[in-house]
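Visitor: Sequence first, then the predicted structure:
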Amino acid sequence: MEGVLAAKKRKKGKPSALARKVRAWAGFLRNPVTLAIAGVLLVGGLGAGVWVGLSLSDASSDMNKILVATEREPSDARLPPPVPRSRANETPLNLAPQPDSERPERRLALAPVPPPKPQGPPQTAPVQPAAVPALRPVPTPGPLPPGTPAWVRNAVAVPNTSGPKIAIVIDDAGLDLKAMRRMAQNNIAPLTIAFLPYAENLQSQVDAMRQAGHEIIVHMPMEPQSAKENPGPNAILTGLPDEELLRRVRWNLDRLDGYVGVNNHMGSRMTADPRGMALVMSEMRARGLMFLDSRTTAHSVAAQAAEQYGVPNLRRDIFLDNDTRADKILEQLRQTEEMARKHGHAIAIGHAHIPTVEVLEQWAPVAIARGFTLVPLTALMKERRVVQNAAQR
Ligand SMILES: [Zn+2]
């Protein structure tokens, strides 16, 4: 400060009005009260920065563990091998909200400064927007007329909102119970949870997710291109005769209740097979379900088959976590936002693993504060229907 003043003196010869102002400011800044306030603000800022940094580094180290522990699939999902029945039976499932000691352990460890609570009054001035709670589902108004298709009957109802809509679908659900528990509690509903039909304690997991405001679809195992990948028991394979193929479709659909539709787990070979997809869609039609094409192959004929059978259908826009590092997932979410901003809506698929859930927890409140709306899959389906009907008139 003194140097600046000296320089100004040298240049102008006498103190200018500006120099006097600067001097006055210098005096103000030397004031102990001012210094104390500045110190508090600085320490607060550093604390927040350290917390964010720790959160991210913790997330990525967690991901490395997951990467080592699970087998990677090329374009589809990282699927842990099916849980052996005996092992799953030993550990009774409980997705009900856990006492505080269960979950926040890691959070406390990594968070010297607690994350902003939606309701809690900010500690300093109300400059920073607090985390905004995600859109909560609203109860379906009145009883539905008989014959209402399942994709409407079981849909999570959301209030009408303007602004770009994003549907996040969580594939491979039902195996990683830690991730499932987290999604039952973390208040970022509505997500669309795609359950593997061979998961254990399936219906109680489904019920817990519905209770938390999430929408449910069946993540139907279908034949991948590579014979090295195992889509799981009762998978839909191109080589099966019609009868067996249909039996498997029905087995998968009968495993749970309360869902709105189906998307494909793997299936890069199966979804490109017109005969197989026609059989799948015939059953979907009979049950009033919708179909989300995960688009694990560019050669998918799922949409054509669905249209043929009058099955409401959508397709995935973006995969979130082919690379499970936090910054990469975040990058995919940014792309999802961009797409939603451009087209009014976007569908992104992630997987039921802690790294993805953690990034979603951080991203969702910020995205909502920026004007995006998280919606269940059916909200986009209804919107598309309205557009299609208008076009047909
Ligand atoms: Zn999958």
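Guide: Happy to help now that I have it. Numbering: from 1, shown residues only.

Visitor: Give me the helix or strand of this protein that scores worst on average pLDDT.
Guide: helix 105-110 (a mean of 30; mean pLDDT, DSSP states H and E).

Visitor: what about the following helix or strand past that helix, average pLDDT?
Guide: Moving toward the C-terminus from helix 105-110, the next helix or strand (DSSP states H and E) is helix 150-153. For helix 150-153, the mean pLDDT works out to 96.

Visitor: Only alpha carbons, please: show helix 150-153 as CSV.
Guide: In CSV, the C-alpha atoms belonging to helix 150-153 read as follows (Å, rounded to 0.1, in the frame of the first residue of the first chain):
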residue,chain,number,x,y,z
ALA,A,150,-49.2,-49.9,-15.8
TRP,A,151,-46.8,-47.2,-17.1
VAL,A,152,-49.4,-44.6,-16.1
ARG,A,153,-50.7,-46.4,-13.0
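
Visitor: Where does the record place the domain boundaries for this structure?
Guide: Following automatic domain parsing, one gets these domains for the chain: 2-59, 77-84+148-392.

Visitor: Indicate which one of those is closest to the ion.
Guide: domain 77-84+148-392 (3.3 Å; C-beta to the ion). Just so you know, the C-beta spots here come from the backbone N, C-alpha and C atoms, and that holds for glycine as well.

Visitor: Write out the residues of the stretch 201-350 of the chain neighbouring the ion.
Guide: Neighbours of the ion within the stretch 201-350 of the chain, by C-beta under 5 Å from the ion: His265.

Visitor: so where do the helices sit in the stretch 201-350 of the chain?
Guide: 202-211, 242-254, 274-287, 302-308, 326-343 (DSSP state H, counting those that start in this stretch).

Visitor: so which of the ones you listed comes closest to Arg393?
Guide: Of all these, helix 302-308 sits nearest to Arg393, with 18.9 Å by C-beta to C-beta.

Visitor: Which residues does that closest one contact?
Guide: With contact meaning C-beta atoms under 8 Å, 6 or more residues apart in numbering, helix 302-308 is reached by 264, 271, 274, 277-278, 280-281, 284, 291, 293, 311-313, 315.

Visitor: Show the pLDDT at the residue nearest to Pro312 when sequence neighbours are not counted.
Guide: Computed as C-beta to C-beta, 6 or more residues apart in numbering, the closest residue to Pro312 that is not its neighbour in sequence is Met290, at 4.2 Å. The score at Met290 is 98. That number is its pLDDT.

Visitor: mind listing what Met290 touches?
Guide: Contacts of Met290 (C-beta under 8 Å, 6+ apart): Trp151, Val260, Gly261, Val262, Met284, Val311, Pro312, Asn313, Leu314, Leu377, Thr378, Met381.

Visitor: Quick check: the fifth one touching Tyr259?
Guide: It stands for Met284. No: using C-beta atoms under 8 Å, Met284 is not in contact with Tyr259; the gap is 11.5 Å.

Visitor: Strands of the stretch 151-300 of the chain, residue ranges please.
Guide: Taking DSSP state E, counting those that start in this stretch as the test, the strands found in the stretch 151-300 of the chain are 165-173, 192-195, 215-222, 261-266, 290-293.

Visitor: coming back round to it: please identify the deepest-packed of the domains of the chain.
Guide: Counting by mean count of other C-beta atoms under 10 Å, domain 77-84+148-392 has the highest mean neighbour count of these, with a mean of 20.

Visitor: residues contacting Ala155?
Guide: Counted by C-beta under 8 Å, 6+ apart, Ala155 has contacts Thr140, Glu215, Val260, Pro376, Thr378, Ala379, Lys382.

Visitor: And for the fifth one, nearest residue in space, chain neighbours not counted?
Guide: Which is Thr378. In this structure, Thr378 finds its nearest non-sequential neighbour in Ala155, 3.8 Å apart by C-beta to C-beta, 6+ apart.

Visitor: From Asn322, how far off is that neighbour?
Guide: Separation of Ala155 from Asn322 (C-beta to C-beta, to the nearest Å) stands at 29 Å.

Visitor: Show the pLDDT at Leu253.
Guide: pLDDT, read off for Leu253, is 98.

Visitor: surely it meets Val218?
Guide: Yes: judged on C-beta under 8 Å, Leu253 makes contact with Val218 at a distance of 6.2 Å.

Visitor: any residues in contact with both of those two?
Guide: Pro197, Val262.

Visitor: for Ala212, what are its contacts?
Guide: Shown in contact with Ala212 (C-beta under 8 Å, 6+ apart): Met183, Ala184, Gln185, Ala189.

Visitor: Dihedrals phi and psi, Ile354?
Guide: The phi and psi values for Ile354, taken as degrees, to the nearest 10, are phi -50, psi -40.

Visitor: How about it, nearest residue that isn't a chain neighbour?
Guide: Excluding the flanking residues, the one nearest Ile354 by C-beta to C-beta, 6+ apart is Ala179, at 5.3 Å.

Visitor: what residues are up against that neighbour?
Guide: Applying C-beta under 8 Å, 6+ apart, the residues near Ala179 are Ala352, His353, Ile354, Thr356, Val357.

Visitor: so the second one touches Leu177, yeah?
Guide: No: taking C-beta under 8 Å as the contact criterion, His353 and Leu177 are not neighbours in contact, 11.5 Å apart.

Visitor: beta partners for the residue nearest to Pro312?
Guide: Counting by DSSP bridges, Met290 is bridged to Gly261.

Visitor: Check Met266 too.
Guide: Met222.

Visitor: which sections of the stretch 51-200 of the chain are below the confidence cut-off?
Guide: Within the stretch 51-200 of the chain, the ranges that satisfy pLDDT under 70 run 51-142.

Visitor: go with 90
Guide: 51-147, 158-163, 187, 189 (pLDDT under 90).

Visitor: next one: the stretch 251-393 of the chain
Guide: 383-393.

Visitor: and the residue nearest to Pro164 when sequence neighbours are not counted, what does it touch?
Guide: Ranked by C-beta to C-beta, 6+ apart and with sequence neighbours excluded, the top spatial neighbour of Pro164 is Ala340, at 3.8 Å. Counting by C-beta under 8 Å, 6+ apart, Ala340 touches Pro164, Lys165, Ile166, Ala346, Phe372.
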